[in-house]
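Engineer: Provide a 3D model corresponding to the input given below.
(one chain, ligands or ions: 1)
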Amino acid sequence: MSITKQTIAIIGAGGNMGSAIAKSIAGGNYRLLLFDQSSEQLGSLSEDIQENHPEADFEHMSCPHESSWEADIIILAVPHGAEKELADKIRDVATQKIVISIANPVDKDFRKLTTRPDTSAAEELQQWLPHSKVIKAFNTTFAADFEQPVIDGKQTDAFIAGDNEEALQTVAELVETAGFNPIIAGGLSVSGTLERMQLLLMQLTIKNGYEWHAGWKILHN
Ligand SMILES: NC(=O)c1ccc[n+]([C@@H]2O[C@H](COP(=O)([O-])OP(=O)(O)OC[C@H]3O[C@@H](n4cnc5c(N)ncnc54)[C@H](OP(=O)(O)O)[C@@H]3O)[C@@H](O)[C@H]2O)c1
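Structural biologist: Next up, the predicted model:
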């Protein structure tokens, strides 16, 4: 467990996932830098954090570049379609830092992924940020799972993938703080599988009416 307080920038903090992640880790040993291009979105998030974690260390930021410059870990809580533009904005200040890819690059009908079959959103992000440590995480958990990570009596698993061992351990601690059981699934090339897994869970959610509160659990002896 890290004893140094890490600084985490959440880009897109006012969105469903950005706010769910912020609320779930606000009670941890982190300093949170929250950026959203619509600053009004951050108002209710701040109230929620202050109410539930009066000691939380967080602030609103005015741009992704400044947020990423100050951060140890950068979470891009934005649609995959916005990641290239953001990567271009933060590249010079994201060198050697952990950048978390949470994106599921699905089409509007939840029928297929929009990335080529031989790659993934996370691997594309790694190409756009060649000097950062891109880690896939939080893509197999729905936003609603963060409020109730125990589903049907079981703590939801959350898969992580990446090529840097130390970064994987750091993100595993973050995932645990958020309330999930972290499972390191493998290198960054496993990201395509994780993104396909969540496409399947979305399709099952729509078909079976899981109300966007569903997750994965590996059962084993
Ligand atoms: N929702 C889920 O349950 C879930 C689960 C796992 C993974 N994910 C992934 O999480 C990511 C976010 O999904 P979401 O459901 O949270 O979406 P969302 O509620 O629509 O939030 C998206 C956020 O991204 C921001 N954004 C969009 N384009 C941007 C740009 N060009 N520059 C800066 N910020 C930009 C939006 O800002 P504005 O407020 O200005 O629009 C908003 O804050 C997606 O990649 C999705 O695949 C979602």
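
Engineer: what's next to the longest helix along the chain, contact-wise?
Structural biologist: Scanning the chain for the helix with the most residues, using DSSP state H, yields helix 191-208. Contact with helix 191-208 is made by 101, 103-106, 110-113, 115, 117, 119-123, 136, 139-140, 142, 159, 161, 185, 210-212, 214-216, as judged by CB atoms under 8 Å, 6 or more residues apart in numbering. For the C-beta atoms, the positions are set from N, CA and C on the backbone; glycine is no exception.

Engineer: Residue 79 - how many residues pack around it?
Structural biologist: Neighbour count of residue 79, defined by other CB atoms under 10 Å: 14.

Engineer: Oh, that last question was meant for residue 50, not what I typed.
Structural biologist: A total of 13 residues lie near residue 50 under the criterion other CB under 10 Å.

Engineer: Return the residues in contact with residue 53.
Structural biologist: 26-27.

Engineer: and stretch 11-19, anywhere near the ligand?
Structural biologist: Yes: counting by CB under 6 Å from any ligand atom, the ligand has neighbours in stretch 11-19: 12, 14-18.

Engineer: which one among the residues you listed gets closest to the ligand?
Structural biologist: The shortest approach to the ligand among the residues of stretch 11-19 next to the ligand belongs to residue 15, at 2.1 Å (CB to the nearest ligand atom).

Engineer: right, and the closest one touches residue 77 too?
Structural biologist: Yes: judged on CB atoms under 8 Å, residue 15 makes contact with residue 77 at a distance of 5.7 Å.

Engineer: More neighbours: these two, which one.
Structural biologist: It is residue 77, of residue 15 and residue 77, that has more neighbours when counted by other CB under 10 Å, with 24 against 19.

Engineer: The ligand contacts on the chain?
Structural biologist: Going by CB under 6 Å from any ligand atom, the residues of the chain near the ligand are 12, 14-18, 36-38, 41, 77-80, 82, 85-86, 102-104, 139, 142-143.
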